[in-house]
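Chemist: Let me see the structure of the following:
(chains A and B)
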2 protein chains.
Amino acid sequence: MMRTRPLKVALLGCGVVGSEVARIMTTHADDLEARIGAPVELAGIAVRRPGRVREGVPAELITTDATELVKRDDIDVVVEVIGGIEPARTLINTAFEHGASVVSANKALLAEHGTALHAAAVEHGVDLYYEAAVAGAIPLIRPLRESLAGDKVDRVLGIVNGTTNFILDRMDSSGAGYSEALDEATALGYAEADPTADVEGFDAAAKAAILAGIAFHTRVTISDVHREGITEVTAADIASARGMGCTVKLLAICERTPDGSAVTARVHPAMIPLTHPLASVREAYNAVFVEAAAAGRLMFYGPGAGGAPTASAVLGDLVAVCRNKVAGTTGPGESAYTRLPVSPMGEVVTRYHISLDVADKPGVLAQVALVFAEHGVSIDTVRQQGKDGDASLVVVTHRAPDAALSAVVEALRSLDTVRGVASIMRVEGE
Amino acid sequence: MMRTRPLKVALLGCGVVGSEVARIMTTHADDLEARIGAPVELAGIAVRRPGRVREGVPAELITTDATELVKRDDIDVVVEVIGGIEPARTLINTAFEHGASVVSANKALLAEHGTALHAAAVEHGVDLYYEAAVAGAIPLIRPLRESLAGDKVDRVLGIVNGTTNFILDRMDSSGAGYSEALDEATALGYAEADPTADVEGFDAAAKAAILAGIAFHTRVTISDVHREGITEVTAADIASARGMGCTVKLLAICERTPDGSAVTARVHPAMIPLTHPLASVREAYNAVFVEAAAAGRLMFYGPGAGGAPTASAVLGDLVAVCRNKVAGTTGPGESAYTRLPVSPMGEVVTRYHISLDVADKPGVLAQVALVFAEHGVSIDTVRQQGKDGDASLVVVTHRAPDAALSAVVEALRSLDTVRGVASIMRVEGE
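Modeler: All right, here's what the predicted structure looks like:
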């Protein structure tokens, strides 16, 4: 039952991802038609700078008027790969109003306005898909939303930013400091000229918000996500991690609270044991662990960014929304029925690795241990090393609320015998 | 827009997987209703032995008449977790005829009769989903069929049988022989009393057929899959693998031929480098690598079997087909439009690791090398070790058609100076 009128696609943005989408849509038109059950054609491409040469992209489709393009009533699907909040948000809403389904790779937008956009899609009877917004080509949104729809996800733990993983991996393998590793990442094209969104954890936090919402069937926005970047991670932190059989990764962690009454979402560097599968995720690769009640522990691994991988995810969604258009239906939308609140970071139960420079004299350990006890934080291990009148004390705690751990660190800083806090890092993945 | 009439589910089989499905359907009915958009209820459970106590399974739903159950016109979805060809096939066809969609975990049936079953589902306007048939809880069918629907999959390389992975892992970590490791697997419940389906590779071959068909949009049945089990793998093979920085895994490998005109599907033990992510898949875990043109290399990892993980996959499918029922539509069916033929094993391009016991005298290496040359097989490395008049020769070839490699082995066996072929194994994952 092939329909003859082709599905028409408007592409918003034609940078690294968009040009790859256009190229594959052109070169693999037959495959896409066979898989959708109807021909699909690129009807227009909105760009900001029409003069830039784009190899393999049909020049006659280029326009600078994105608004006019999404208002065309013959457009069935709008693919948005511009990024950022505006004008993407307005264009997507306009597309919905004109009956088009939308495929987006826009994590910032989805993490902030996901609920409103989903509602608008439902209102207009169209689809909003965004597999490419999280971890590039790695199927994550669809497995969480569909494959695990009959299960109870308890935890999502992942490396979802390639730039920071590349930097931390370099620091770990070469002993380089943060700046040096960042320079290398920039030189190799893994970091942007302004790396803030990546290294400060904004990119990962947006993805954490999206994953948490889908995993727990609730609403989580980027402002709910506790965020720490990697700019403070030192070569000494990495060396400390090595010393305890760990490596340092920037992790996005979404969990149910122990009593199940709330969820938490956070992004911060953490030590994970070298035996954990996430420890061996190298370079700019991404990987996400999902722990579910029935399924157990699943891992999804692959390239987390780049033009072609992201285009693969966009095109997978394009096929899905086109199939839905042909069938006259829509796919699963937002599922937020649990309405679980998001707890603040202080209530997250975690473990700290704390490295202190202390005076090398009797009674210091007792004094330090007392601080932990006063805050109800139980110590797992202490390692004490003396050198030339100074000493270092490395403490790894048992699990405790983050607020208590953080209060311990504050109290330690004010001790006379503690000359400095050399490194504080959470320990995860055990 | 909640509908009030509940969707009714018939469960065929109530063993390890079925009882877990029944339990979760009962305890998580509210979640399933919220995710589907309609209540779903278990309407009947067909079993062979009604007397067996099944914890958490409503006794009043038990029947021994599976045929009558699937013929009920109020049944919306039939979940088939009996396994085997008959009566599963007849029951599924009867379910289709009575308008029910089917969720199945039956790899043997799908690998043999997938095309006919898909056609029957289409004919009756219902769904046939079977995520649980391959690699338990690991989402694979849906990512291949939907997430990668806009990409071109070139290769699927996976560990898809937990029993054999457990056995090989034990042989590798403890130096045990095959029989000893099998006994341990049996004692721990990882191998069945009759382990033939697992250790001879039938189970993995069925999964390879299903994966190849979906990955390459063509039809592949289990009889198209070249199959070798692990019963011939020796402690010496494992030691040889270690010696070259590899481990031995039973791999399911589905590939396009180099010119793209055909596909191949095979299951056999192979050496893979310890640096390959599949090498670190331990115990009874499964993992599948997918290489796609745009997405690059993806890996999916998790528990490949067991009641709860398999139930997770079944329930994910159940939610999907129920959503489709509510929406009055069906999901993507069989996609076999490429009609690519399946090439025989002899045409697969692979590499061999061959370990020979030879006479320790001059000219042996030259004689052996000549055999390779005569068959057009190029040698990558040779390692020669002498001891007490005997010597061993370990040859690793470059890539060549399997038929040529296999002819080399035959020719080597007939050489006077070759006392025996101690080990032959393919080398993959490089």
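
Chemist: Near chain B, which residues of the stretch 1-150 of chain A are found?
Modeler: A:20, A:24, A:28, A:31-32, A:34-35, A:131, A:137-139, A:142-143, A:146-150 (CB under 8 Å from any CB of the partner chain). C-betas here are computed from N, CA, C, even on glycine.

Chemist: no wait, the stretch 151-300 of chain A
Modeler: When proximity is defined by CB under 8 Å from any CB, the stretch 151-300 of chain A lies next to chain B at A:151-152, A:217, A:277, A:280, A:292-300.

Chemist: any chance you could map the strands in the stretch 1-150 of chain A?
Modeler: Assigned by DSSP state E, counting those that start in this stretch, the strands in the stretch 1-150 of chain A fall at A:7-12, A:40-46, A:62-63, A:77-80, A:101-104, A:128-129.

Chemist: Save the ones you listed as TSV, and put in mean pLDDT and mean neighbour count too.
Modeler: Shown next, in TSV, are these (pLDDT from 0 to 100; neighbours: other CB atoms under 10 Å in any protein chain shown):
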stretch	mean pLDDT	mean neighbour count
strand A:7-12	98	25
strand A:40-46	97	22
strand A:62-63	95	16
strand A:77-80	98	28
strand A:101-104	98	28
strand A:128-129	98	28
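
Chemist: Show me the one of these that comes nearest A:Gly162.
Modeler: Proximity to A:Gly162 (CB to CB) singles out strand A:101-104 among the strands of the stretch 1-150 of chain A, at 19.4 Å.

Chemist: got a list of contacts for the closest one?
Modeler: Applying CB atoms under 8 Å, 6 or more residues apart in numbering or on different chains, the contact partners of strand A:101-104 are A:76-81, A:88, A:92, A:95-96, A:110, A:121, A:126-130, A:132-133, A:314, A:317-318, A:321, A:324-325, A:330.

Chemist: next one: phi and psi at the residue of the stretch 101-250 of chain A found nearest chain B?
Modeler: Nearest residue of the stretch 101-250 of chain A to chain B: A:Gly150, at 2.3 Å (CB to the nearest CB). Backbone torsions of A:Gly150, given as degrees, to the nearest 10, read phi -100, psi 10.

Chemist: Could you pull up the contacting residues of the residue lying closest to it once chain neighbours are set aside?
Modeler: Counting by CB to CB, 6 or more residues apart in numbering or on different chains, the nearest residue to A:Gly150 once its immediate chain neighbours are dropped is B:Leu315, at 2.3 Å. Taking CB under 8 Å, 6+ apart as the contact definition, B:Leu315 lies against A:149-151, A:294, B:21, B:24-25, B:32.

Chemist: The residue in the stretch 301-430 of chain A positioned nearest to chain B: helix or strand, and which one exactly?
Modeler: Proximity of the stretch 301-430 of chain A to chain B (CB to the nearest CB) peaks at A:Leu315, 2.3 Å away. Assigning secondary structure by DSSP states H and E places A:Leu315 in helix A:307-327.

Chemist: roughly how far apart are A:Ala135 and A:Leu144?
Modeler: A:Ala135 sits at a distance of 11 Å from A:Leu144 (criterion: CB to CB, to the nearest Å).

Chemist: show me where chain A has helices.
Modeler: For chain A, helices defined by DSSP state H occupy the ranges A:16-27, A:29-36, A:66-71, A:88-97, A:107-123, A:141-142, A:162-174, A:178-187, A:196-199, A:202-216, A:235-243, A:307-327, A:364-374, A:402-413.

Chemist: any chance of the ones you listed in TSV, with mean pLDDT too?
Modeler: TSV is the format used below for these (pLDDT from 0 to 100):
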stretch	mean pLDDT
helix A:16-27	95
helix A:29-36	96
helix A:66-71	98
helix A:88-97	98
helix A:107-123	97
helix A:141-142	96
helix A:162-174	96
helix A:178-187	96
helix A:196-199	97
helix A:202-216	98
helix A:235-243	91
helix A:307-327	96
helix A:364-374	94
helix A:402-413	96
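
Chemist: just those helices: most buried one?
Modeler: Compared across these, helix A:202-216 shows the largest average neighbour count, a mean of 28 (mean count of other CB atoms under 10 Å in any protein chain shown).

Chemist: ok, back up a step: would you confirm that the residue of the stretch 101-250 of chain A closest to chain B contacts B:Glu33?
Modeler: No. Judged on CB atoms under 8 Å, A:Gly150 makes no contact with B:Glu33 at a distance of 11.8 Å.

Chemist: What parts of the stretch 301-430 of chain A come near chain B?
Modeler: Contacts of the stretch 301-430 of chain A with chain B, taken as CB under 8 Å from any CB, map to A:301-303, A:306, A:308-309, A:311-320, A:323, A:327-330, A:332, A:335, A:337-338.

Chemist: Identify the residues contacting A:Val70.
Modeler: A:Val70 is in contact with A:10, A:12, A:46, A:78, A:91, A:94-95, A:98, A:100, counting by CB under 8 Å, 6+ apart.

Chemist: roughly how far apart are it and chain B?
Modeler: With distances taken as CB to the nearest CB, to the nearest Å, A:Val70 is found 21 Å from chain B.

Chemist: domains for chain A, by residue range?
Modeler: By the assignment in automatic domain parsing, chain A contains the domains A:7-136+A:307-327, A:141-303, A:345-427.

Chemist: how long is the first one end to end?
Modeler: According to CA to CA, to the nearest Å, domain A:7-136+A:307-327 extends 12 Å from its N-terminal end residue to its C-terminal end residue.

Chemist: Then stretch A:115-135?
Modeler: End-to-end distance (CA to CA), stretch A:115-135: 20 Å.

Chemist: same question, stretch A:378-393
Modeler: End-to-end distance for stretch A:378-393: 16 Å, by CA to CA.
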